[in-house]
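> Mind looking at a prediction? Sequence and model below.
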Amino acid sequence: MTESELKLLKASIDLVIVLETKDGEHLAQILFVFDEGETPDLFYLEVEPGPEGVWVQKGASGHSLLLSEIVSVRRLGAV
């Protein structure tokens, strides 16, 4: 993840973005980004498109992910 992608991530609290990790791509609603200390990470909800353009949470809980596991971050719809 580049420095500009980290800035995008921090600016995307409560928004849905595309997170590319070592395990693939995820539509993620970002809840919190913690980029300090020994284990910088983020918390997000994995979502999917629902009826009438509303995002619907997948699963019953949120996710925690180390920033080092993120390959790239992009706005939804960006190439």
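Perfect, I can see it now.
> sec struct for the residue of the chain positioned farthest from its centre, please.
Largest separation from the mean C-alpha position in the chain: E52, at 22.2 Å (C-alpha atoms, centre = their mean). Under DSSP: H, G, I helix; E, B strand; the rest coil, the three-state class of E52 is helix.
> got a pLDDT number for it?
pLDDT for E52: 87.
> quick one: contacts for P49?
W55, V56 (C-beta atoms under 8 Å, 6 or more residues apart in numbering). Bear in mind the C-beta positions are built from the backbone N, C-alpha and C, glycine included.
> ok, it to P40 distance?
Look at P49 and P40: by C-beta to C-beta, to the nearest Å, they are 29 Å apart.
> where's the residue nearest the centre of the chain relative to E38, distance?
For the chain, the residue sitting closest to the mean C-alpha position, by C-alpha atoms, centre = their mean, is A28 at 4.2 Å. To E38, A28 is 23 Å away according to C-beta to C-beta.
> that older thread, how about the residue nearest to the centre of the chain, nearest residue that isn't a chain neighbour?
In space, and not counting its chain neighbours, A28 is closest to Y44: 4.1 Å by C-beta to C-beta, 6 or more residues apart in numbering.
> so that neighbour makes contact with L65?
Yes: with contact defined as C-beta atoms under 8 Å, Y44 counts as touching L65 (6.9 Å).
> which of these two has more neighbours?
Neighbour count, other C-beta atoms under 10 Å: between Y44 and L65, Y44 has more, with 22 against 16.
> Which residues are in contact with the residue nearest to K58 when sequence neighbours are not counted?
Leaving aside its sequence neighbours, K58 sits nearest to E46 (C-beta to C-beta, 6+ apart; 4.6 Å). Residues near E46 by C-beta under 8 Å, 6+ apart: H26, L27, A28, Q57, K58, G59, H63.
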